[in-house]
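Asker: I need the structure of the sequence given here:
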Amino acid sequence: STFVESQPVANLFEAADLRATHASPDEMNVLLWKKLATNCAINPLTALHRCANGGLANMDNETNATMNGIVKEVSRVALLDAADRGLSDESIQELQYERLLSFVSRVIQDTASNKSSMLQDVLAERETEIDYLNGFVARVGRERCGCECTFNEEMVRRIKSLVGSVS
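Answerer: Got it, this is the predicted structure:
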């Protein structure tokens, strides 16, 4: 489904027989953080392990700990951002670590046979979006929230060591 903040735009999509769901600004913010958490966890780990998304469900303890650390850091930054924006308590609950991790796990299962865009980029020796995903979380965490995001920083370092990244 496509989510849009504007109800009239959602109605236009529906009239054109395209699936669209109206989302409030709070809901849209939560959806964007969920997508970021998912991409920050799945993309670099599939690229590093050269596996489809579903391969992450059967990884070793170290990889699982890394995925959990990435999602925990995204949650911390997202919660601080949500509080700054005055998001509702319900929206803030959706950004809690356990809920984000559950969402990421569902995406891994639902897209098990997919190859992430970052894996495809690494295999093709193209620049990746690592700076816009994990790099963004690390930067916002450090600059706006005053917290280090070491797992996300490590993903940036490791992916950049494989292939150049968009700056």
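
Asker: Go through the particular helix or strand that has residue 39 in it and flag the buried ones.
Answerer: Assessed by DSSP states H and E, residue 39 sits inside helix 25-49. Going by neighbour count (16 or more other CB atoms under 10 Å), the buried part of helix 25-49 is 26-27, 29-30, 33-34, 36-48. Every residue, glycine included, has its C-beta placed from N, CA and C.

Asker: now stretch 91-109
Answerer: By neighbour count on 16+ other CB under 10 Å, the buried set for stretch 91-109 is 91-92, 94-95, 97, 99-101, 103-105, 107-108.

Asker: Can I get it in PDB? Just the C-alpha atoms.
Answerer: Only the C-alpha atoms of stretch 91-109 are listed here, as PDB (Å, rounded to 0.1, in the frame of the first residue of the first chain):
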ATOM      1  CA  SER A  91       3.000   7.000  17.800                       C
ATOM      2  CA  ILE A  92       5.900   7.000  20.400                       C
ATOM      3  CA  GLN A  93       4.900   3.400  21.400                       C
ATOM      4  CA  GLU A  94       5.300   2.300  17.800                       C
ATOM      5  CA  LEU A  95       8.900   3.500  17.900                       C
ATOM      6  CA  GLN A  96       9.900   1.400  20.900                       C
ATOM      7  CA  TYR A  97      12.800  -0.900  20.300                       C
ATOM      8  CA  GLU A  98      10.800  -4.100  20.700                       C
ATOM      9  CA  ARG A  99       8.100  -3.000  18.200                       C
ATOM     10  CA  LEU A 100      10.700  -1.900  15.700                       C
ATOM     11  CA  LEU A 101      12.600  -5.100  16.000                       C
ATOM     12  CA  SER A 102       9.400  -7.100  15.500                       C
ATOM     13  CA  PHE A 103       8.600  -5.000  12.400                       C
ATOM     14  CA  VAL A 104      12.100  -5.700  11.000                       C
ATOM     15  CA  SER A 105      11.700  -9.400  11.700                       C
ATOM     16  CA  ARG A 106       8.400  -9.500   9.900                       C
ATOM     17  CA  VAL A 107       9.900  -7.700   6.800                       C
ATOM     18  CA  ILE A 108      12.800 -10.200   6.800                       C
ATOM     19  CA  GLN A 109      10.200 -13.100   6.700                       C
END
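
Asker: Just name whatever secondary elements the helix or strand containing residue 160 is in contact with.
Answerer: Taking DSSP H and E as the criterion, residue 160 maps to helix 150-162. Packed against helix 150-162 by the contact rule (3 or more CB pairs under 8 Å, 6 or more residues apart in numbering; DSSP states H and E) you find helix 25-49, helix 61-85, helix 117-123, helix 134-143.

Asker: If anything else comes up later, I'll come back, but that's it for now.
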